[in-house]
Structure formats: C-alpha cells, structure tokens
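**Student:** sequence and predicted structure, then a few things I'm wondering about:
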Amino acid sequence: MSQRQVLQVFEQYQRARTQFVQGVADLAARPQSIETLRSAGVVSLLRPLLLDVVPSVRQTAALGLGRLADYNVDLAEAVVKAGILPQLVRSLPEENLAQAVVQSGALETLVICLEDFDPGVKEGACWAFDYIARHNPELSQAVVEAGAVPLLVLCIQEPEIALKRIAASTLSDISKHSPELAQTVVDAGAIAHLAQMIPNPDAKLKRQVLSALSQIAKHSVDLAELVVEAEIFPVVLTCLKDSDEYVKKNGATLIREIAKHSPELSQLIVNSGGVAAVIDCIGSCRGTVRLPGIMMLGYVAAHSENLSMAVIVSKGIPPLCACLIEEHEDHIKAAAAWALGQIGRHTAEHARHVAGANVLPTLLDIYVDTRSSEDLKMKAKKALKNILQKCTHLPALEPLLHDAPPSIMKHIIGQFSKVLPHDSKARRLFVTTGGLKKVQEIKADAGSLLQEYINAINNCYPEEIVRYYSPGYSEILLERVESYQPVL
Amino acid sequence: MAAASGGREEGGSMAALARLQERLSELREEYFLANRSIDEDRKIKYRAAVKIQSWFRGCRVRAYLRHLNAMVILIQKWWRGYRCRKHFRKMLETAYFIMKMNFYNEMAVRIQKRWRGYYVRKYIHNYYALKKYLQAVSVNNAFVRSELQEYVEMKENEEKMKDLEKKEKEKKYQARKMHYLLSTEQIAGIYNSPFRKSPDPMELLLRNSKPLSHRRKQVKSPFAYELYDWPTCKKPPAFVTALPLPPIGRQKPQGPFRDTAEVLWQRYKPLEPTLRVAESINSPLEKAREGIKREEWRNPIHDNEFLPFSSYHKNENEKYEPSLCKSGKYVQEAYGTKHFREVYPNKWIADKDFRTVVPSIFLFEKFGKTYSRAGQIV
C-alpha cells in the first residue's frame, strides 16, 4: 500500500509538471499572454524542466521556450543569458528534440543571437547550432538555410578562444554530411580563416580547426585542392608534432583526406615533406592515434610507384612493421598490412624493400593466427599476395617456404619457378638452404598450378639431384643395397 | 535374155514361143534369180557407197573440228598468256610494294625504337631524375624533420619557461604571505640560521617582498554557479563554507556551567528557516500579481468606480426576467423559496416512508432530524 502511495505522489508531481509545461506552451502561442508569462518568471521555471527525466516534459518545455524566444528578441536574449542554452544543448543529443527545436522556429532566433555583440550569447547560439547540425544532413541543411554559415565564419574571427572553438566545431559538423554543405561552407570563405588559425597555440581550437578542414576536404578533389591552396602545407606539419594526441590525429586525418583523392595532391604532400612528418608521427604515437597516419601512407603509396618509392625512401616501412607487431587492435593491424601491401605491390624493387624489412614473416603469422579477425586475415592475405607476386628477392622468400599455408605457398613457389631458371647462383643457394628438399615434400594435385610450378623448378635441376631430395630416397637406396648381389 | 529372145525371133517365132513356154517356169526362176542377184548386188553396192561417203564425210568433219580445236587452242593460249603476264606484272608490283613497305617499316621501327626509348627514358620514367628526386625528397624530409624537431624543442622550452615562471610566482606569493618569518636584528628567522654561512635564498626573497594585505573575499552568490561550466567563464567555483565563523572580539562566556564551545555554538547557530519561511515573499508569482494590480491601479484616471449609467436600467435588455419556475400567474410560487422539491402526497402509496434495505449512512440520517423544527420533513 505504502509503495503505491509513494508512486502516487510521484505520479501526481509528474502530471503536475506535464500540465504546467503544456499550459505554458499553449499560452506562449498567444502573444498577449507572453508578457504576463514573462513577468511571472516563466523562464527560470522552465529551465529545470528542460533537464527533466520525462522526455515529453523536456520537449514541451523546449517548445515553450522556443515560442517565447520566437516572440521577442529581448526575451530571446533573456533566455540565452539565463543560461538556458547550455542546458538546452546538453539535452539536445536526442535527435527528435533537435527536430522539435528546429520546428518551433528557434533557428531564426538563434541566428539573431549570433549577430549579438555579447560573446557569451554567440557562444550559446553556436553550441545550439552545433548540436542541431550534428545529427543528420536535413538538420544541417536547415541550419544552413537559416543563414547561419556566414555568421559562423564571422564568429571564427572573434578573439575569444572558446567562441572560435565552438564555431569551428559547428562548421566541421555542418560540412561533414555532404559535398553540397561543404561547398556552402567553403563559399562563405571559411577555409582562409580556418587555415589562419592552424598555428594558434590552443590545443582544443587546433583540434576543431583541423577536423573542420578535413571534413571539408574529404568530399571531392576540388574541395581538397581548395583546402591545399589555402597554403596549409608546411604549417600543418607542425600540428603533427603537437603535444596533444588528438591534434596529431586530426592533423594526420586532414593530410590523409587530401592525399587520397589524386596522385598530384599526394605528390604535393610528398614534396613538402609531409610523408616524413607523418612517419615520425606514427613512430611516436600509440594506439588509434596512429590509424589516420597509416592510412595516409597507404593512400600515397597506392597512387603510383614513384610515390611508393618516395615513401620507402622516407623510411616508412620500419614504423609500419612496428605497428604490425606492437599494436593489439585488429583494425590498426589491418590498416598497416594494407599499407604495406600498397607499398610493395608495384615492382620488384618495392617488393624487395618491403621484404627486406622482415615484414613477410610477420604478415604470414598474422594470416595464420587464429585470433585475428576475418578482415585482418583478408587484408594480410591480399598484402602478402601482392608483395609476393612481385618479389624476386629469393633470400627473403626462403623462410616463408617452411610454414606457409597452401594458398600462399602457391605464390611463393610460383616466384621461385620464375626466378630459378635464369639464375645459377640462386639455384645453388636454393639447394644448399634446403629449399629444394622442401619443395619436393609439398604434395600438390596433379595438373594444378602448384604442380606446374614444382615441375618448372624440378626442370631446373639435373635428375639425380631431384631424386636425391625427393622424400623416401634414402629408403630406396637402402632397398637397393639390400637387393644388390655382390660381384665376387 | 533379150538377145536370146531376139535370136529366136527369126527362127520361127512360134517355135520360139513354144520353146519359151517350155522354159517359162525356168525363165521365171532365172528372171527372178537374176533380179535378185542384181538387187542384192545393188544393195551391197549401195551400202558400200554409203559407208564410203559417211567415212569421208566423217573425215572431213573431223578435219574441220581439228582445225577448229587448233584455232581455239591458239586463241586461248594467247589470251591466257596475256592475262597471266598481266597478273604477273601486278604480282610483281605488289611484291615490290610489299618489299618497299617492309623496308620502310623496318626503318620506321628503328626510328620509333630509338625515339620511344629516348622519350620514355627522358620524360616518363627518367631513372636519373627519379633518383635525384628521391634524394631530394629524403633531403627535404631530413630538413623537415629537423625543423619539426626544433619546433618541438622550442615548444618544450616554452613549456618549461611557463612552468618555471609559475613556480617563481608561487614562491613569491608564498614569501609575501610568510612575510612575518623575516629575521630581525634580535631574532634570527628560520631561513637565516646563525650557523649558516649565508642566508637561505628564501630569506632573500622575504627581504624583497612586500607584505600581503588582507583582502576581503567577495561572497559569491550561489546562483553564479550555474555559469561555472559555461566555457567563457574562467573562474572555478569557490566553495562556500558550511558554517560562518563566530565574531571576533567575543569574551569568554560567563560561568563554568556549560562547555564554552557548546555555548558559542548555540549562540551563533545559523538561522535554519523552515521551507515556508524560506519561500521568498518576493516570489515572482507574487510580484507578477502585484505588478498586475499596480498596473490596474495605475491605468485608470481616477479611483472612483464608474457608476452605471442612468439609462443603463432603462435598457430593454436589462429588464429582469423571472424564471419560469418561480413566476406563477398571480402569486410567487412557494417553490424556490419555501421548498425545492415537488411533493404530491396524493400520489403516495403509504403514509410511512420507505423502509431502507441498505444500512443508511449515519450522516444522512440526521437530515431533518435536528432539534430545530424548522428543518423537519413535511
């Protein structure tokens, strides 16, 4: 009984709150009652209800506040100054709440707030825009149509750091959804100002600025070129050496987004020494912070063999190898494996460099390891395949012969069969290191590609040697000894 | 026969006739045989003649055909020769042409070979340029790395400088606060021990620092805390102490009866108003109501209420209409004043009231049964 009474009390309170909020929202729809509402202190009463447990109360309170703010600019300022907006935006992670705010026509008022002189008001309005634009493209479109973007660009130029931060973050969230939105942001002249803010010492500001630029650059080649034309290049490299991890990560992300579009852009990055900076960054960080840097190297190397050679020359392979070995997360390992595959797949030279760094056994181990995820295994296999198909450096292939699974063995033997017919020293080495013996021990289906390769290898050697190394040869010899009749 | 017959004519034609008639059957046979042999002879000769003629004609025709054949062969020979010579000439021309083209192709291949090798080696895959480029890239990388290293070092230095400055500031502040630890002529301070060769650096700091004056800490209203997590606000919240301190300059309470601390606590206990009291009389609702009242008081020109106009009552609409229930023809009905419920005693079945089946409600039982007779049921 007492439990029910307790619950009854709560229910009453909730009902009372709902009624109050609905009543206020209804009254706020009528202009004549707004002044009365205001003098009755409705703003401070609605404020705690914005963080209410019940979502309908929250929504209705936000609606009511929106209507109040919509009616009068002064009231809107009062709303903002009363510290409502931070609480409002804290409750905005719910998307439908954001929708409700948009529908109640708060966007126009927020835009007016952005034009205000007080930086606190502007900041509150920026927070609101940020949270609204974050959810989905339609809401971002609504924000853009309300004319917020030029004002946000003006906000970026303000001296207050926090305002700059949140304006940059808003621009980043707006442009991340689609190329058209990014184009709108660019048309408002945001890139030049964002680029000017890169050397700023504040770490959080740098994070947001770099994130904004990378969201703009990721959509298309033209946008990336525009970003590059803003002369970010040597300056961005200093961000890669910042003490803040996330600044490094965002800087690497920006460079990655630029590099992935076209070989010319990657060339630009290589020419300005970006590759070296990224490689150092990878070497010095740990964990997910490395991921964009690794992907950037992979993209650069994928475009052409000259760029891949440039990556090799900049000493890119050892950090990637270290990543493969040290990292625990599968997706980082997969990215490192992919990047190595992209570097090594162009010509024999590249494959030799990659193989020389002792990468192949590691890749093989990852491929064979049962704990690796499917994605990781696939990437390791593809990388191995790509590198092996070009690798003619036999000493690097030797260790793989001994414990490779059949799918990889095919490629290794294929490579041997291509190189051995032409190189006598290699043949000798192959025999002395026990490779020939190993090859004889492989059982392959007759007529398969593997068998052809094995035959090709066997044809490089005189018959006696082949027979000598074939398994069971010692038994055959002993049998012959037994059956031999000595000539007296 | 004719001769025989002729010869016989002169001998006696009658004898001849007799002789002829004797020989008639033989003559007939002779005649027949002679004709037959002549006929056969003639047939043989005829056939021979035909044979000879046919053979001859055949020879003639064959000779003609031979001749024709020879002519045809001649013509065909000449024609074929002509045609093949023409064909040969053409073949020769094409062979010559092909030979020339092959030659040109060969030469073109040689030229293109040289050109393509040159072009590729110079423009597309210039090995030396590539090598130089890669060298330049590594040089540039080294340069960039050194620059970045310098940048990092510069940043670290800045950090260190900032730290040092902060520490310095701290120390100076501490020195200002602990100004009283300065050593005097008579008493050596802590930092200026007589056994030391020279005074401690702290002592020197103390000597150089100005004493810190008391500053009243502003009491922050609790409503400022809602701004503390707003990003532009830089000051962290100041924690309000729970209890205010008792006033200075108090004398020890008189008497040994109770513990001093207890007495002081009791005396200076902070006010703990109940919720009802704590509710501000300046609540916004009240203020709003007062505001409205004030406005209403303010708006009219004077305080007197408007009296209704004299023509107000004369208005047709305002004529009093009694309700239908109360207005009877001549007199006011008792209904509405005397009683409310209509009662028809002649319709009653019994005198007594209904007997209740359900237990009655005590309160309702008392209706009409008070000590006063005025409320009794009729």
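**Tutor:** Looks like it arrived, so ask away. Numbering: from 1, shown residues only, chains lettered A, B, ... in the order given.
**Student:** contacts, neighbours, all on C-alpha from now
**Tutor:** Fine.
**Student:** need the helices for the stretch 1-150 of chain A, in chain order.
**Tutor:** A:2-28, A:34-39, A:42-49, A:55-71, A:73-81, A:84-90, A:95-103, A:106-114, A:119-135, A:137-145, A:148-156 (DSSP state H, counting those that start in this stretch).
**Student:** can you put these in JSON lines and add mean neighbour count, distance to A:L384 and mean pLDDT?
**Tutor:** Below are the helices of the stretch 1-150 of chain A laid out as JSON lines (neighbours: other CA atoms under 10 Å in any protein chain shown; distance: least, CA to CA, whole Å; pLDDT from 0 to 100):
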{"stretch": "helix A:2-28", "mean neighbour count": "15", "distance to A:L384": "64", "mean pLDDT": "88"}
{"stretch": "helix A:34-39", "mean neighbour count": "17", "distance to A:L384": "71", "mean pLDDT": "78"}
{"stretch": "helix A:42-49", "mean neighbour count": "18", "distance to A:L384": "60", "mean pLDDT": "78"}
{"stretch": "helix A:55-71", "mean neighbour count": "24", "distance to A:L384": "54", "mean pLDDT": "76"}
{"stretch": "helix A:73-81", "mean neighbour count": "17", "distance to A:L384": "59", "mean pLDDT": "62"}
{"stretch": "helix A:84-90", "mean neighbour count": "20", "distance to A:L384": "49", "mean pLDDT": "59"}
{"stretch": "helix A:95-103", "mean neighbour count": "18", "distance to A:L384": "45", "mean pLDDT": "65"}
{"stretch": "helix A:106-114", "mean neighbour count": "22", "distance to A:L384": "54", "mean pLDDT": "75"}
{"stretch": "helix A:119-135", "mean neighbour count": "25", "distance to A:L384": "40", "mean pLDDT": "80"}
{"stretch": "helix A:137-145", "mean neighbour count": "18", "distance to A:L384": "40", "mean pLDDT": "85"}
{"stretch": "helix A:148-156", "mean neighbour count": "21", "distance to A:L384": "48", "mean pLDDT": "88"}
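**Student:** quick one: closest of those helices to chain B.
**Tutor:** Each of those has some distance to chain B by CA to the nearest CA; the shortest is helix A:34-39, at 5.5 Å.
**Student:** what's that closest one packed up against?
**Tutor:** Counting by 3 or more CA pairs under 8 Å, 6 or more residues apart in numbering or on different chains; DSSP states H and E, the packing neighbours recorded for helix A:34-39 are helix A:2-28, helix B:284-298.
**Student:** is the longest one anywhere near chain B?
**Tutor:** No: remark: helix A:2-28 sits outside contact range of chain B, by CA under 8 Å from any CA of the partner chain, the gap being at least 14.1 Å.
**Student:** hmm, back to that, distance to A:G414 added to the helices and strands packed on helix A:34-39, as TSV?
**Tutor:** Converted to TSV, the helices and strands packed on helix A:34-39 look like this (distance: least, CA to CA, whole Å):
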stretch	distance to A:G414
helix A:2-28	76
helix B:284-298	88
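**Student:** relative to A:I282, which of those is closest?
**Tutor:** Evaluated over those, closeness to A:I282 peaks at helix A:2-28, with 54.0 Å, by CA to CA.
**Student:** against which helices or strands is the closest one packed?
**Tutor:** Applying 3+ CA pairs under 8 Å, 6+ apart, we find helix A:2-28 packed against helix A:34-39, helix A:55-71.
**Student:** make TSV out of the ones you listed and add distance to B:P345.
**Tutor:** Shown next, in TSV, are those (distance: least, CA to CA, whole Å):
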stretch	distance to B:P345
helix A:34-39	59
helix A:55-71	60
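**Student:** minimum distance to A:A142: which of the ones you listed has it?
**Tutor:** Here helix A:55-71 is closest among those (CA to CA), at 16.1 Å.
**Student:** the closest one to helix A:2-28, inter-axis angle?
**Tutor:** Comparing the axes of helix A:55-71 and helix A:2-28 via axes from the mean of the first three to the mean of the last three CA atoms, to 10 degrees yields an angle of 20 degrees.
**Student:** remind me what helix A:55-71 packs against, helices and strands.
**Tutor:** helix A:2-28, helix A:42-49, helix A:73-81, helix A:95-103, helix A:106-114.
**Student:** kindly format the C-alpha coordinates of it as PDB.
**Tutor:** Provided in PDB are the C-alpha atoms of helix A:55-71 (Å, rounded to 0.1, in the frame of the first residue of the first chain):
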ATOM      1  CA  PRO A  55      11.200  13.300 -22.500                       C
ATOM      2  CA  SER A  56       7.800  14.800 -23.200                       C
ATOM      3  CA  VAL A  57       8.200  17.300 -20.500                       C
ATOM      4  CA  ARG A  58      11.600  18.200 -21.900                       C
ATOM      5  CA  GLN A  59      10.300  18.600 -25.300                       C
ATOM      6  CA  THR A  60       7.300  20.600 -24.400                       C
ATOM      7  CA  ALA A  61       9.500  22.800 -22.200                       C
ATOM      8  CA  ALA A  62      11.800  23.400 -25.100                       C
ATOM      9  CA  LEU A  63       8.900  24.100 -27.400                       C
ATOM     10  CA  GLY A  64       7.500  26.600 -24.900                       C
ATOM     11  CA  LEU A  65      10.900  28.300 -24.600                       C
ATOM     12  CA  GLY A  66      11.300  28.300 -28.300                       C
ATOM     13  CA  ARG A  67       7.900  30.000 -28.700                       C
ATOM     14  CA  LEU A  68       8.800  32.500 -26.000                       C
ATOM     15  CA  ALA A  69      12.100  33.300 -27.600                       C
ATOM     16  CA  ASP A  70      10.500  33.500 -31.000                       C
ATOM     17  CA  TYR A  71       8.100  36.200 -29.900                       C
END
